[in-house]
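Q: Here is a sequence with its predicted model. Questions after.
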Amino acid sequence: MRDTPTEILIVEDNPDHAQLAKGYLESQNGVVSIASSHEQCRALLRKRSFDIILLDYDLPDEDGLAILRSLNEEALTQAPIVLVTGHGHEQIAVEAMKAGAFDYVVKSGDFPQILSDVIIRVIEKFRVAEEKRRFEEEIVTRNKELQVLNAVSVELNDSLVLCEILNRAVTGLVQHLSLDAAAIWLRNETGDFELVSGQGTLSERDGRGNPAYNPTLLMPNGSSNQPMLIDDVAAQPLGVAEQLLCGSLVVLPMLRNGQTQGYCLATSAQPSYFTERRMNLLGSVASQISAAVENARLYAQTETLKTNLEKVLNSSLDMIITLDENGLIQFYNERFKLFSGNNGAAVGRQFTQYISEQYRDTVAEQLRGLQEGVASAYEAEILNPAGEVSQCLISQSEIKDDNAILLVIKDTSDIVKLQNELAQAEKLSALGHMIAGAAHELNNPLAGIMGYAQLLQEEELPSNVRKDISVIQKEANRCQGIVQKLLAFARRQASEQELVSVNLLVETVLELHAHRFGGRGVDVALDLDSSHPFVLGDYGQLQQVIVQLLGNAHDAVRVEQGQLFRSVRVRTRLDSGSVRLEVCDNGPGIPKAVLQKVLDPFFTTKEVGQGMGLGLSMCFGIIESHRGRLTVNSEQGKGTTVVVELPVAESEPAQVDVASVADPH
């Protein structure tokens, strides 16, 4: 057997067999004890431990299998038990192994000499089995520790909000480590430590509202960066034991970059609960909590910066967009969201989708140029979801170290519109001065021609001569009419201001010119504001504007030969302190190139002799003199809408006769 003595217990009721086996085993360096009954066996096992037990199958008080089961159930020994039997039945061997025997041996002719080899084999087998068991237990323990670390890690990483992280960390400590209480203290802005989360007794406060367990008071002087363990609270001085009210307590500093940013406290009702293994596990958990706290603080700072930046960007009156290197939209501010009508749908789209087709190649070329590091600003047209075009100024620059592009888009539609109106007004003013001078110069010779032609008509002349003079007089009259129109265009005399009902003015114009605008396959529809808005203006001039606009709309729908339904719609509305008059037609519309010139004097698309091109220019001048605005909106193939906006009268007329207001002349 082994070099060291082997402690052997023989449970045998036959004294001869027992002594025979004892004598042989002691000669083989064994230390043998004998029990003749179950009770004696139990008594010996309570007093000492053995390396191996040889249990006889046939005992007087009960059989060996029953004793075997009893010993295993009561866990009186950790030693391997070998069942010794005088029967070589396989059934007995099977039952013995099921009952917990480590091996069995038959009392054969070489008994007890066979016991030496059996004991050596069983002890070695038992040693291997024990090592395997301890190894498996170690694996199970390590697996449980990893499960705890993983569970805590999942709970910590499930949120980036500090208070949620701390509460989950404390709950995870108590749950996964079977603690009675846990708490976390963190350093605040003033540098002091304060309780931020706790469960159980570690969350309690005293009568003055202070935490009952302050780690800074528990930690020994000069050891704030080292763990502190009170293994047996009951063994502490009376005051400390009464204060802590637990079996054992541990305080673990949470370190970050060598600095203590907080403490993790844990207690158990059991003394000596925090073994070295549990201390190491707690230390790992405390490190995880420390890292999660740091991440949560960084996240909070980042969110604050992000929120402030978004507020700044969303407060901008300009549209701000960032693009990736492929021209796809990454971010846009509220201004672009309002313009584009997209609620998050623009992200990932090509920016050029929002540029009018005319400017897409230009914008794409500018974006390619930016890849060479050249920032630029250029004009373009941007589209809204309705397909409406707005003039804009795009400033683009590269976002350093991010392979991204920053676009700042200023909507210049109103500025361009105002510039065009100012240019138009200046053009009309300059042209008016020139026309006035030319018209006055033409009036004098025309007056002479017309006077002499009239005198000649009174003379006795041949019929062919009289006919020629009539032609001269007719053409001179026509020239005088042209000159009068030129003078009317050039004049800026003060008009007579009176209250005018726009609705009744429209109805009066249609009634007076029914022969011109009615019938002929054109439907004229009215949609007039029920509030009967009033403006202050020159009745005759405003009437002239409406006649001109209705005439243009009527001519436009008559041009569209193949159109079955031709309509002109007149609409009035009271809109934010202005009276809005719209004259719409479903004619062929105006090409974009032509639309930019329709307000220019003498510009016309009609055939020679059918118009001078002064109608819209005169309307523009009249409306401008009334402190209003005239705009023309049209798209080829979709008709034209002319919009007139005039300031509403500051107060409605008191007891005004509607009929007299509509047509005071």
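A: That came in fine, so what should we check first? Numbering: from 1, shown residues only.
Q: isn't G341 right up against E388?
A: No: with contact defined as CB atoms under 8 Å, G341 does not reach E388; the gap is 11.1 Å. (Each C-beta comes from the backbone N, C-alpha and C, glycine too.)
Q: Check whether Y213 really touches L265, as I assumed.
A: Yes: the pair Y213 / L265 is scored as a contact, 6.3 Å apart, by CB under 8 Å.
Q: hey, what's in contact with both of the two?
A: Common neighbours of Y213 and L265, using CB atoms under 8 Å, 6 or more residues apart in numbering, are 183, 202.
Q: residue ranges of the strands in the stretch 251-400 of the chain, please?
A: 259-268, 319-323, 329-332, 376-383, 389-399 (DSSP state E, counting those that start in this stretch).
Q: Mean neighbour count, those: which tops it?
A: Mean neighbour count, computed with mean count of other CB atoms under 10 Å, is highest for strand 259-268 among those, reaching a mean of 22.
Q: in its sheet, what does that strand sit against?
A: strand 181-187 (antiparallel), strand 248-256 (antiparallel) (DSSP bridges).
Q: neighbouring contacts of the shortest one?
A: If I follow you right, that is strand 181-187. 166, 169-170, 173-174, 193-203, 211, 213, 215, 246, 254, 260-267, 289, 293.
Q: now stretch 80-96
A: Applying CB under 8 Å, 6+ apart, the contact partners of stretch 80-96 are 12, 52-58, 64-65, 68, 71-72, 100-108, 118-119, 122-123, 125-126.
Q: Among those, which lie within helices?
A: Using DSSP state H, the members of the contacts of stretch 80-96 that fall in helices are 64-65, 68, 71-72, 118-119, 122-123, 125-126.
Q: Mind jotting down where the strands sit in the stretch 551-665 of the chain?
A: Assigned by DSSP E, counting those that start in this stretch, the strands in the stretch 551-665 of the chain fall at 566-575, 578-585, 629-634, 640-647.
Q: ranges for the helices of the stretch 501-650 of the chain?
A: 502-512, 514-517, 539-559, 592-595, 615-625 (DSSP state H, counting those that start in this stretch).
Q: Among these, single out whichever gets nearest to E136.
A: The stretch from the helices of the stretch 501-650 of the chain with the least distance to E136 (CB to CB) is helix 592-595; that distance is 84.7 Å.
Q: okay, now I289: neighbour count?
A: Counted with other CB atoms under 10 Å, residues neighbouring I289 total 26.
Q: pretty sure it contacts R168?
A: No: taking contacts as CB under 8 Å, I289 lies outside contact range of R168: 9.8 Å.
Q: who touches both of those two?
A: Common neighbours of I289 and R168 (CB under 8 Å, 6+ apart) are L156.
Q: Tell me where the stretch 251-400 of the chain is predicted with low confidence.
A: The stretch 251-400 of the chain contains residues with pLDDT under 70 at 342-344.
Q: and V557, how far is that from G551?
A: Plainly put, V557 is 11 Å away from G551 if you go by CB to CB, to the nearest Å.
Q: now do L218
A: Separation of L218 from G551 (CB to CB): 97 Å.
Q: what sits up against stretch 268-278?
A: Stretch 268-278 has contacts (CB under 8 Å, 6+ apart) with 141, 145, 177-180, 229, 231-234, 246-250, 266, 282.
Q: Those residues in helices, which ones?
A: Judged by DSSP H, helices contain the following of the contacts of stretch 268-278: 141, 145, 282.
Q: Identify the residue nearest L581 in space, chain neighbours excluded?
A: Once flanking residues are discounted, L581 sits nearest to V644: 4.3 Å by CB to CB, 6 or more residues apart in numbering.
Q: Quick check: that neighbour touching V632?
A: No: with contact defined as CB under 8 Å, V644 does not reach V632; the gap is 10.4 Å.
Q: Can you add distance to N586 and mean neighbour count and give the helices of the stretch 501-650 of the chain back as CSV?
A: Formatted as CSV, the helices of the stretch 501-650 of the chain follow (distance: least, CB to CB, whole Å; neighbours: other CB atoms under 10 Å):
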stretch, distance to N586, mean neighbour count
helix 502-512, 18, 19
helix 514-517, 15, 12
helix 539-559, 6, 20
helix 592-595, 17, 12
helix 615-625, 19, 21
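Q: could you redo those as TSV and give each row mean pLDDT and distance to A380?
A: TSV is the format used below for these (pLDDT from 0 to 100; distance: least, CB to CB, whole Å):
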stretch	mean pLDDT	distance to A380
helix 502-512	87	38
helix 514-517	70	41
helix 539-559	84	30
helix 592-595	79	15
helix 615-625	82	27
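Q: To P445, which of those helices lies closest?
A: That would be helix 615-625 among the helices of the stretch 501-650 of the chain, by CB to CB, at 25.2 Å.
Q: by how many degrees do the closest one and helix 539-559 diverge?
A: Helix 615-625 runs at 140 degrees relative to helix 539-559, counting by axes from the mean of the first three to the mean of the last three CA atoms, to 10 degrees.
Q: So that it lines up with my notes, have the first residue be 832 from now on.
A: Happy to do that; since the first residue is 832 now, the last one works out to helix 1446-1456.
Q: Using PDB, write out every CA atom in helix 1446-1456.
A: Extracted in PDB, the C-alpha atoms of helix 1446-1456 (Å, rounded to 0.1, in the frame of the first residue of the first chain):
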ATOM      1  CA  GLY A1446     -50.600  96.300 -70.400                       C
ATOM      2  CA  LEU A1447     -48.900  94.400 -67.500                       C
ATOM      3  CA  SER A1448     -46.300  97.200 -67.100                       C
ATOM      4  CA  MET A1449     -49.000  99.700 -66.600                       C
ATOM      5  CA  CYS A1450     -50.800  97.400 -64.100                       C
ATOM      6  CA  PHE A1451     -47.500  96.900 -62.300                       C
ATOM      7  CA  GLY A1452     -47.000 100.700 -62.000                       C
ATOM      8  CA  ILE A1453     -50.600 101.300 -60.900                       C
ATOM      9  CA  ILE A1454     -50.400  98.600 -58.200                       C
ATOM     10  CA  GLU A1455     -47.000  99.800 -57.000                       C
ATOM     11  CA  SER A1456     -48.400 103.400 -56.700                       C
END
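Q: Show me how far that helix is from its chain's centre.
A: From the chain centre to the centre of helix 1446-1456 is a distance of 50 Å (CA atoms, centre = their mean, to the nearest Å).
Q: That one - contacts with which helices or strands?
A: helix 1244-1288, helix 1294-1321, helix 1370-1390, strand 1460-1465, strand 1471-1478 (3 or more CB pairs under 8 Å, 6 or more residues apart in numbering; DSSP states H and E).
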